[in-house]
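# Could you look at this predicted model? Sequence included:
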Amino acid sequence: MKRVRAEVLSVRRLGAYHVLTIVAPEVAERARPGQFLSVAMPPHRAFLLRRHFSIHQASRRGGWAGTLEFAVEAQGPGTRWLAEVKPHRFLDVIGPLGKPFAYPARLTNCLLVCEGHGGAPISFLAQELRARGKRVDMLIGGATHDHVFKPIEAKRMAQTIRIATADGSMGEPGSVADLLPEMVEAVGAQVVYAAGPREMLRRVAELCVERRIPSQVALEERMACGMGQCFTCVVPVIRKDGSGYDHLRACTEGPVFNPARILWDRWMGEAPEPAPTPPEGFPVVRSWPG
Ligand SMILES: Cc1cc2nc3c(=O)[nH]c(=O)nc-3n(C[C@H](O)[C@H](O)[C@H](O)COP(=O)(O)OP(=O)(O)OC[C@H]3O[C@@H](n4cnc5c(N)ncnc54)[C@H](O)[C@@H]3O)c2cc1C
Ligand code: FES
C-alpha cells in the first residue's frame, strides 16, 4: 500500500458517473480488481474523513502505463467535490487497499453481476478474467439507463449480457437479481462475482447458497480510517468452523467476502445486536453519577 500525490489526468462524464484518471504508477502496479483507493478531501471541517472508491482500471503497460481510474457517483459533499475536480490538480491517494477478488484456478464459466457503481470493480474484474482465458457472462443494471455502468464495454467483454433497470429505461424492468436464476442456468455459471447494493448482493448470496455455486461479493460499508485501525467498517461473518461469528473489517479483511458466510440480517440492521455480556468481575457502571 502506498500514499501518493497523484495528478488528475482527466475527468470524463459517463451517465450518472464521473470517471477520474490519475497518475499513480506505484499503486497501479499492485492494484487488483476488488481493491479500493482512499482519497483525501480538501482541508475543511466538513471533510474530515477520506472517501473510498473501488479501483476501476489499472494500466501497467502501453501509453497509459502507471495510471489508475475510479468512478464517482456524486451523492454527497465529498463525491460532488471530486466530480468537479479539474485536470492537473493533485490528489492525496492511498492504495491499493483491501483484499481483491480471487480468480478461479480450474473453473471457467464466470458470471459477473453488478448494479450502479458496482460496475466499476466488476468491469476491471471482467477484463482480468478474460485475460486468464475464462468465459465471462454479465448481468448489469442500475436505477435508470444513466446508472448502467459502461454497457457497451460490457457487451464487448462478455459472451452474453443481460441488462435490468429499476425504471425499465434500459433492458428489462427490475433488478439484476430477478434475472439471476435464469442467467445462471443459461450460461452454466460455475462461479458468481457481484458488486452493488446490499439487497441485490443478499439475493445473489441466497441463490448461490441454494445452488451450491461458489461466489464472492465486494461490499461497501462506511469507512473512517480505511486501514484497519478504527473498526467502523465491521461486517458479521460466520467462522469457517461454524462455531459463531466474528466482526471482520471490510477495509482489511474485505471488501471482498464469501457471501455464504455473511450474516445478512444482522449486517443490514434487521437483527439488533444483543447487549454484550461483561466479563466476570468487570466493574459495570449502571448509571452515570450526577
Ligand atoms: C470499499 C468501497 C468502495 C466504494 N466504491 C465506490 C465507487 O466506486 N464509486 C462511488 O461513487 N462510491 C463508492 N463508494 C462509496 C463512497 O465511498 C461514498 O459514496 C462516499 O464516501 C460518500 O461521500 P460523500 O461525502 O459524497 O457523501 P456522504 O454525505 O458521506 O454520503 C452520501 C450518501 O452515501 C452514503 N454512504 C457514505 N459512505 C458510504 C459507504 N462507504 N458505503 C455505502 N454508502 C455510503 C451515505 O449514507 C449517504 O446516503 C465506495 C465505498 C467503499 C467503502
Ligand atoms: S475503516 Fe477503520 S477499520 Fe475499517
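Cool, got the structure. Ligands and ions are numbered 1, 2, ... in the order given.
# Residue numbers of the protein in contact with ligand 2?
223, 224, 225, 226, 228, 229, 230, 231, 232, 233, 249, 251 (CB under 6 Å from any ligand atom). Just so you know, the C-beta spots here come from the backbone N, C-alpha and C atoms, and that holds for glycine as well.
# Just the buried ones among those residues, please.
Taking 16 or more other CB atoms under 10 Å as the criterion, what is buried in those is 223, 225, 226, 233, 249, 251.
# Looking at the residues of the chain next to ligand 2, which are in strands?
Using DSSP state E, the subset of these located in strands is residue 249.
# Out of the residues of the chain next to ligand 2, which is nearest to residue 63?
residue 226 (30.6 Å; CB to CB).
# show me the contacts for the closest one.
Contacts for residue 226 (CB atoms under 8 Å, 6 or more residues apart in numbering) come out as 36, 38, 50, 52, 94, 97, 233, 251.
# Now with 7 Å, please.
The neighbours of residue 226, taking CB atoms under 7 Å, 6 or more residues apart in numbering as the test, are 38, 50, 52, 97, 251.
# Kindly report the same for residue 78.
Counting by CB under 7 Å, 6+ apart, residue 78 has contacts 41, 47, 51.
# hmm, try it at 6 Å
Residue 78 makes contact with 41, 51, according to CB atoms under 6 Å, 6 or more residues apart in numbering.
# got the phi/psi numbers for the residue nearest the centre of the chain?
Central residue of the chain (CA atoms, centre = their mean): residue 218, 4.1 Å from the mean position. Backbone torsions for residue 218, taken as degrees, to the nearest 10, come to phi -100, psi 120.
# on that earlier part again, among the buried ones among the residues of the chain next to ligand 2, find me the one that's closest to ligand 1.
Taking CB to the nearest ligand atom as the measure, ligand 1 sits nearest to residue 223 out of those, at 4.8 Å.
# Excluding chain neighbours, give the residue nearest to the closest one in space.
Among residues not flanking residue 223 along the chain, residue 233 sits closest, at 4.6 Å (CB to CB, 6 or more residues apart in numbering).
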